[in-house]
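Asker: need coordinates for the below:
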Amino acid sequence: MIQIHGALDLVFWILAVGVFALSGWALIHAVKTPARAFAVTGKQSKNLWLVILGLAALFGFAAAVGYLNTLSIFTIASVIASGIYLADVRPAVREIGKGGNQGPYGPW
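Answerer: Below is the predicted model:
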């Protein structure tokens with residue numbers, strides 16, 4: 001039984017580190033993106049996303065070091081917030097500032 005619990009602990013720790021990496025990646029992208037891109041695309045403001053993703057990274061870090069349970073509501077909310085940013089906001093703000101000569105399949 002002890003070996004099974006040790007393996008499960010390892011799996012949940014790997015998941016917690018993944019949550020921290022996901023939220024950290026989203027936070028770093030939000031920091032590097034200009035505030036104008038958020039306003040032009042009609043998404044929430046950059047400051048709001050920085051607060052949301054900062055809290056997500058904090059909760060992800062707390063889960064990775066064992067302070068929070070991996071399946072806590074805060075860790076799950078971190079995954080959801082980071083996923084929304086990376087799936088919806090990041091593609092929209094990434095297109096701003098690329099310039100002209102963009103066709104439907106890339107630059108030409």
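Asker: return the set of buried residues in the helix or strand hosting V17.
Answerer: Using DSSP states H and E, V17 maps to helix 2-32. For helix 2-32, a neighbour-count test (16 or more other Cβ atoms under 10 Å) marks 15-17, 19-20, 22-27, 29-30 as buried. Bear in mind the C-beta positions are built from the backbone N, C-alpha and C, glycine included.
Asker: can you list contacts of stretch 54-74?
Answerer: 12-13, 15-17, 19-24, 26-27, 75, 77-78, 81-82 (Cβ atoms under 8 Å, 6 or more residues apart in numbering).
Asker: end-to-end on that stretch?
Answerer: 13 Å (Cα to Cα, to the nearest Å).
Asker: now do that stretch, average pLDDT.
Answerer: Regarding stretch 54-74, the rounded mean pLDDT is 90.
Asker: again with stretch 79-91
Answerer: Computed over stretch 79-91, the average pLDDT equals 93.
Asker: quick one: that stretch to chain centroid distance?
Answerer: 6 Å (Cα atoms, centre = their mean, to the nearest Å).
Asker: that stretch: end-to-end distance?
Answerer: 18 Å.
Asker: ok, and what's touching that stretch?
Answerer: With contact meaning Cβ under 8 Å, 6+ apart, stretch 79-91 is reached by 19, 22-23, 25-26, 29-30, 38, 41, 43-44, 49, 52-53, 55-56, 60.
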